[in-house]
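In: 3D, please:
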Amino acid sequence: MDDTLGGSLSSITIFADLKGGEIETLERSCVWTRFPAGRVILGQDDTPADICFLIAGQAQMIGAAAPGAPMVRAGIPAGDFFGGLAPLDGRPRAAPVDPTRDVNTATAAPAQRRGRAR
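Out: Numbers count the residues shown, from 1 in each chain. As a prediction, this is how the structure comes out:
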């Protein structure tokens with residue numbers, strides 16, 4: 001995990017009911033990454049099966065209203081997650097996600113999610 005931005009999965013709303021030991025186990029299985037503002041976190045048409053949890057910072061999902069005319073589809077605050085639909089439907093990412101300021105993410109691969117679902 002990046003100490004500059006810090007954070008824990010306990011700040012993610014969908015994990016609010018997990019106990020400390022469960023969160024720590026999940027945190028150890030995640031890949032922690034810091035992205036500076038302006039660097040793409042997920043690209044449109046990417047096919048990774050990972051789900052990203054936004055630990056700190058803020059990001060946005062960008063779409064196109066018309067060719068060459070970007071439009072913000074959704075703001076993503078710290079404590080939220082994104083990228084969850086592509087692993088479910090098996091299709092490429094529908095839109096890129098860009099940080100609007102420096103962010104810290106934790107990424108869970110499919111094997112970790114299967115273990116959590118049990």
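In: Need the residues that contact the helix or strand where Asn104 lies.
Out: Per DSSP states H and E, Asn104 falls inside strand 103-108. Strand 103-108 is contacted by residues 1-2, 4-7, 9, 26-27, 29-35, 37, 41, 50-59, 78, 116 when judged by C-beta atoms under 8 Å, 6 or more residues apart in numbering. All C-beta spots, glycine's among them, are computed from the backbone N, C-alpha and C.
In: Narrow these to those in strands?
Out: Judged by DSSP state E, the contacts of strand 103-108 include 31-35, 51-56, 58-59 as members of strands.
In: give me the low-pLDDT residue ranges for this protein?
Out: 1-6, 47-48, 64-66, 69-70, 86-88, 91-93, 109-118 (pLDDT under 70).
In: For it, which segments count as helices?
Out: Secondary structure of the chain by DSSP state H: the helices cover 20-29, 85-89, 110-117.
In: so who does Ile12 touch?
Out: By C-beta under 8 Å, 6+ apart, the contact set of Ile12 is Phe53, Leu54, Ile55, Gly79, Asp80, Phe81.
In: circling back to that earlier point, any quick ChimeraX command for the buried ones out of the ones in strands among the contacts of strand 103-108?
Out: A single ChimeraX command selects the buried members of the ones in strands among the contacts of strand 103-108 (16 or more other C-beta atoms under 10 Å):
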select :34,35,51,52,53,54,55,56,58,59
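In: hmm, back to that, could you list the buried residues of the strand holding Asn104?
Out: Val103, Asn104, Thr105, Ala106, Thr107, Ala108.
In: Just grab the bridge partners of the last one for me.
Out: Yep, that's Ala108 we're talking about. Residues in a beta bridge with Ala108, per DSSP bridges, are Ile51.
In: any idea how far it is from Asp98?
Out: Per C-beta to C-beta, to the nearest Å, Ala108 is found 21 Å from Asp98.
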